[in-house]
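Fold the following.
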Amino acid sequence: MSESLTTPGEGFHPHLHDARDRPATPLRTRLHHVRADALDGDTAQSGGMRRFAAVSGRTVGSEKLWMGQTHVAPATASSDHHHGESETAIYVVSGHPEFVFLDDTGERPEEVRLRTSPGDYIFVPPFVPHREENPDPAEEAVVVIARSTQEAVVVNLPGLYALPADG
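Prediction:
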């Protein structure tokens, strides 16, 4: 069967014919392979952890997302921080990191600690103050992070505070 099942602009990608008139930058016309040993450590940081960019505007020309790794050393906690308007999805690769935030839905703000294991996911909504902790005295915690903003937005804070409940 040497016959093509679809013609350009038809089939599974009918929108492609619309893109022909728009010029594409070289970074936007090809797939990018970012090797594990080529992650970029020159990104926004919080005390107690190291972030490494894999997919960003600088590394591959992305316009709408950021993705990378975060490493939290044994017996370490990050600074309190939030990620601005960015939604953040976290996948736990190794270790048992804990994610801490304050919940203000009760009579008093209460610290909530999400204890995780490899394979777990965490979602951090925009502007929610939190911190990551690694209580293990010997094993580093490693997570993969995806953000809905093109760069790793990090706003370090002097402490945790609860966001007011919608009401």
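
Correct me if wrong: H82 contacts P129.
Yes - if you go by CB atoms under 8 Å, H82 and P129 touch, sitting 4.9 Å apart. Every residue, glycine included, has its C-beta placed from N, CA and C.

Settle it for me: which of these two has more neighbours?
H82 (24 against 19; other CB atoms under 10 Å).

This protein: helices as residue ranges?
With DSSP state H, the ranges of helices along the chain come out as 16-19, 57-60.

which stretch in those helices is the model least sure about?
Lowest mean pLDDT within the helices of the chain: helix 16-19, a mean of 47.

Let's see the pLDDT reported for the residue lying closest to F101 once chain neighbours are set aside.
Once flanking residues are discounted, F101 sits nearest to H130: 4.3 Å by CB to CB, 6 or more residues apart in numbering. With respect to pLDDT, H130 scores 94.

Low-confidence stretches in this structure?
Scanning the chain for pLDDT under 70 picks out 1-29, 38, 41-47, 165-167.

redo that, cut-off 80
1-30, 32-49, 51, 57, 150-152, 163-167 (pLDDT under 80).

is it true that S148 touches E87?
Yes - the pair S148 / E87 is scored as a contact, 4.3 Å apart, by CB under 8 Å.

rewinding a little: measure the residue nearest to F101 to I90 for me?
For H130, the distance to I90 equals 10 Å [CB to CB, to the nearest Å].

show me where this structure has strands.
49-55, 66-72, 76-77, 81-82, 88-94, 98-103, 110-115, 121-124, 131-134, 141-147, 155-156 (DSSP state E).

can you redo those as TSV with distance to L163?
Converted to TSV, the strands of the chain look like this (distance: least, CB to CB, whole Å):
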stretch	distance to L163
strand 49-55	22
strand 66-72	22
strand 76-77	20
strand 81-82	9
strand 88-94	15
strand 98-103	8
strand 110-115	12
strand 121-124	12
strand 131-134	15
strand 141-147	18
strand 155-156	13
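
D37 is nearest to which of those strands?
strand 49-55 (10.5 Å; CB to CB).

my guess is R115 contacts V92, does it?
No - taking contacts as CB under 8 Å, R115 lies outside contact range of V92: 10.4 Å.
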